[in-house]
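>>> please find the sequence and the predicted model below.
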Amino acid sequence: MKDKNYRLSIRIALRYLFAPKSHNAVNVISAIAMAGVAVAAMAMVCIMSVFNGFSDLASARLSIIDPELRLSPREGKVIENADSVIAELSSIPQIANALPVIQEQALAVYGDVQLPVTIKGVPPEYNRASSIDKAIIDGEFRSPDNLGDYATLSVGASIRLGARPSQYEPLAIHVPKRMGRYNPANPMASFRSDSLLVSGVYEIDQPEYDKDFIIIPIEAARRLLDYTTHASSIEVSLRYGTNAQDAKDIIRQAIGDRFMISDRQEQQQESFRMINIEKWVTLLMLAFILVIASFNIISTLSMLIIEKRESTAIMRSLGANDGLVKRIFFFEGWMISVTGGIIGIIIGVALVLAQQWGGFIKLGGDASQMSIHEYPVRLAIPDLAIILAIITAIGFVTGAIALMRRQR
């Protein structure tokens with residue numbers, strides 16, 4: 001009997017929703033209320049898809065220079081016997097390459113210009129294990145040869161130092177000695193120095209790598225820092241088709257928990273955390289706008305309750321109880337909210353797919369200086385489910401408020 005009453009309430013609520021009202025103002029306000037929810041839902045779909053697009057763009061940029069997996073020491077600054085660890089990793093079938101890397105702060109001097117930089121020492125085969133060659137915009141990535149060692153500069157370091165690929169003017173790198181005392185009478189005696197030729201300049205559109213980064217041979221980095229088989233980290237590239245999470249588990253089984261193992265997103269955790277925080281804060285703000293838009297639904301229901309007094313009186317005379325009448329207006333408010341939300345989601349999905357396939361909304365600025373020209377978007381089904389859940393919850397609240405007004 002209870003189920004039958006619920007079905008009857010829903011049927012009557014559907015009739016009230018789509019049937020023309022005797023007062024045109026009720027139709028107009030109902031349409032405005034539904035449109036307000038639809039616009040808010042559409043905005044939620046579009047904005048969340050844009051954040052997904054920028055997250056994917058950041059992930060694509062990471063693949064140029066960040067390794068698929070990175071092993072770093074749990075304690076201390078360096079891995080003391082990196083070569084033996086690499087030998088262990090090389091025996092794992094899922095691993096294509098395991099390379100030692102040294103990263104440290106240094107002072108670069110080119111001509112009369114000085115610049116604090118981050119140096120990254122890499123093995124000669126680094127360009128085969130990474131995508132650094134794709135990021136070169138001037139010159140090339142070169143391994144050490146009979147002419148000496150070569151440095152590959154980030155675009156920011158190149159501009160600020162005024163350095164370009166050259167076989168004549170060397171780039172000097174100075175690093176404080178790890179051991180020994182500082183001599184104020186001869187400060188330069190407290191530094192180790194080396195000279196390299198600039199072979200290339202790269203750009204990957206990531207400020208942390210484009211600003212003041214210099215890639216040098218790992219042997220030069222070890223000489224500067226007085227290391228032998230040490231490494232700041234070990235960068236691992238996987239064979240095609242290998243899942244990074246599965247590879248992490250396999251590595252842990254092989255070498256234990258001696259090292260922290262991070263994938264690309266974990267290596268740039270702060271960047272992705274900021275994108276996610278902005279995404280969910282924006283969703284919260286749009287949900288608040290949706291709540292405000294739902295106030296129109298309450299006004300619509302108030303007018304509908306007044307208009308349907310005769311109808312509810314007839315239903316009471318036919319045996320309808322107060323619960324059935326209350327549920328009618330409860331479902332009416334919920335249906336207006338959900339119907340508007342579904343319409344908005346459908347329109348939002350259509351717009352996102354159109355942007356994804358056609359790219360009709362362009363980014364502002366000088367197109368020649370930009371790596372992408374359209375707003376990146378990606379539709380995510382979980383986002384749609386979250387938006388629909390928010391709309392449904394707001395619809396229930398709206399219906400409950402209408403029920404309380406009916407009680408008065």
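Arrived safely, thanks for sending. Computed from a prediction, not measured in an experiment: that's the story for all the values here.

>>> so what pLDDT did the residue nearest to the spatial centre of the chain get?
A centroid search over the chain (C-alpha atoms, centre = their mean) returns residue 55, at 2.9 Å, as the residue closest to the centre. In this model, residue 55 is scored at 81, pLDDT.

>>> wasn't it part of a helix?
Yes. The assignment for residue 55 is a helix, going by DSSP: H, G, I helix; E, B strand; the rest coil.

>>> what's the spacing between it and residue 376?
9 Å (C-beta to C-beta, to the nearest Å). (Each C-beta comes from the backbone N, C-alpha and C, glycine too.)

>>> hang on, the earlier thing: touching, the residue nearest to the centre of the chain and residue 272? I think so.
Yes. Judged on C-beta atoms under 8 Å, residue 55 makes contact with residue 272 at a distance of 6.8 Å.

>>> mind listing the strands for the chain?
With strands called from DSSP state E, the chain shows them at 69-73, 95-110, 113-122, 136-139, 150-154, 171-176, 191-202, 213-217, 233-238, 259-263.

>>> in JSON lines: those strands, plus mean neighbour count and distance to residue 389.
Conversion of these to JSON lines gives the following (neighbours: other C-beta atoms under 10 Å; distance: least, C-beta to C-beta, whole Å):
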{"stretch": "strand 69-73", "mean neighbour count": "21", "distance to residue 389": "35"}
{"stretch": "strand 95-110", "mean neighbour count": "20", "distance to residue 389": "42"}
{"stretch": "strand 113-122", "mean neighbour count": "19", "distance to residue 389": "44"}
{"stretch": "strand 136-139", "mean neighbour count": "16", "distance to residue 389": "46"}
{"stretch": "strand 150-154", "mean neighbour count": "27", "distance to residue 389": "44"}
{"stretch": "strand 171-176", "mean neighbour count": "19", "distance to residue 389": "55"}
{"stretch": "strand 191-202", "mean neighbour count": "20", "distance to residue 389": "44"}
{"stretch": "strand 213-217", "mean neighbour count": "24", "distance to residue 389": "43"}
{"stretch": "strand 233-238", "mean neighbour count": "22", "distance to residue 389": "36"}
{"stretch": "strand 259-263", "mean neighbour count": "17", "distance to residue 389": "30"}
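
>>> and of those, who's closest to residue 383?
strand 259-263 (22.6 Å; C-beta to C-beta).

>>> what helices and strands are in contact with that closest one?
On a contact count with 3 or more C-beta pairs under 8 Å, 6 or more residues apart in numbering; DSSP states H and E, strand 259-263 meets strand 69-73, helix 244-255.

>>> now the ones you listed in CSV, with distance to residue 288 and mean pLDDT?
What follows is the helices and strands packed on strand 259-263, written out as CSV (distance: least, C-beta to C-beta, whole Å; pLDDT from 0 to 100):
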stretch, distance to residue 288, mean pLDDT
strand 69-73, 40, 91
helix 244-255, 36, 88
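
>>> and residue 335, which of these is closest to it?
It's helix 244-255; of the helices and strands packed on strand 259-263, that one is closest to residue 335 (C-beta to C-beta) at 42.9 Å.

>>> pLDDT weak spots in the stretch 51-200 of the chain?
Residue ranges of the stretch 51-200 of the chain with pLDDT under 70: 60-63, 179-189.

>>> make that the stretch 201-350 of the chain, sorry
Within the stretch 201-350 of the chain, the segments meeting pLDDT under 70 span 299-330.

>>> circling back to that earlier point, who wins for proximity to residue 225 among the helices and strands packed on strand 259-263?
Nearest of these to residue 225, taken as C-beta to C-beta: strand 69-73 at 15.1 Å.

>>> what angle do that closest one and strand 233-238 make?
Put simply, strand 69-73 runs at 160 degrees to strand 233-238, going by axes from the mean of the first three to the mean of the last three C-alpha atoms, to 10 degrees.

>>> quick one: strands adjacent to strand 69-73?
When pairs are called by DSSP bridges, strand 69-73 turns out to pair with strand 233-238 (antiparallel), strand 259-263 (antiparallel).

>>> other residues contacting it?
For strand 69-73, the surrounding residues in contact (C-beta atoms under 8 Å, 6 or more residues apart in numbering) are 79, 85, 89, 232-236, 238, 244, 247-248, 251, 258-263, 267.

>>> now with 7 Å?
Here strand 69-73 makes contact (C-beta atoms under 7 Å, 6 or more residues apart in numbering) with 79, 233-236, 244, 247-248, 259-263, 267.

>>> need the max-distance pair from the residues you listed.
Maximum distance among those (C-beta to C-beta): 20.3 Å, for 79 and 244.

>>> looking at the strands of the chain, which is closest to residue 339?
Closest to residue 339 of the strands of the chain is strand 259-263 (C-beta to C-beta; 42.4 Å).

>>> distance between that closest one and the chain's centre?
20 Å (C-alpha atoms, centre = their mean, to the nearest Å).

>>> hmm, who's touching it?
68, 69, 70, 71, 72, 73, 74, 244, 248, 251, 252.

>>> show me the domain layout of this structure.
2-62+271-407, 67-267 (automatic domain parsing).

>>> and residue 345, what is it in contact with?
Counting by C-beta under 7 Å, 6+ apart, the residues that residue 345 touches are 41, 45, 384, 387, 388.

>>> how about the helices in this structure?
Along the chain, the segments classed as helices by DSSP state H run 2-18, 24-65, 82-90, 126-129, 132-135, 155-161, 207-210, 218-225, 244-255, 264-267, 269-307, 309-317, 322-358, 381-407.

>>> pull out the buried residues from the fifth one.
Yep, that's helix 132-135 we're talking about. 132, 135 (16 or more other C-beta atoms under 10 Å).

>>> can you check stretch 385-396 too?
By neighbour count on 16+ other C-beta under 10 Å, the buried set for stretch 385-396 is 386, 387, 388, 390, 391, 394, 395.

>>> now that stretch: average pLDDT?
Across stretch 385-396, the average pLDDT comes to 87.

>>> can I get it as PDB, trimmed to CA atoms?
C-alpha atoms of stretch 385-396 as PDB (Å, rounded to 0.1, in the frame of the first residue of the first chain):
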ATOM      1  CA  ALA A 385      28.300  11.200 -11.100                       C
ATOM      2  CA  ILE A 386      29.500  13.600  -8.400                       C
ATOM      3  CA  ILE A 387      27.700  16.500 -10.000                       C
ATOM      4  CA  LEU A 388      24.500  14.500 -10.400                       C
ATOM      5  CA  ALA A 389      24.700  13.400  -6.700                       C
ATOM      6  CA  ILE A 390      25.100  17.100  -5.600                       C
ATOM      7  CA  ILE A 391      22.000  18.100  -7.700                       C
ATOM      8  CA  THR A 392      20.000  15.200  -6.400                       C
ATOM      9  CA  ALA A 393      20.900  16.100  -2.800                       C
ATOM     10  CA  ILE A 394      20.000  19.700  -3.400                       C
ATOM     11  CA  GLY A 395      16.700  18.500  -4.900                       C
ATOM     12  CA  PHE A 396      15.900  16.500  -1.800                       C
END
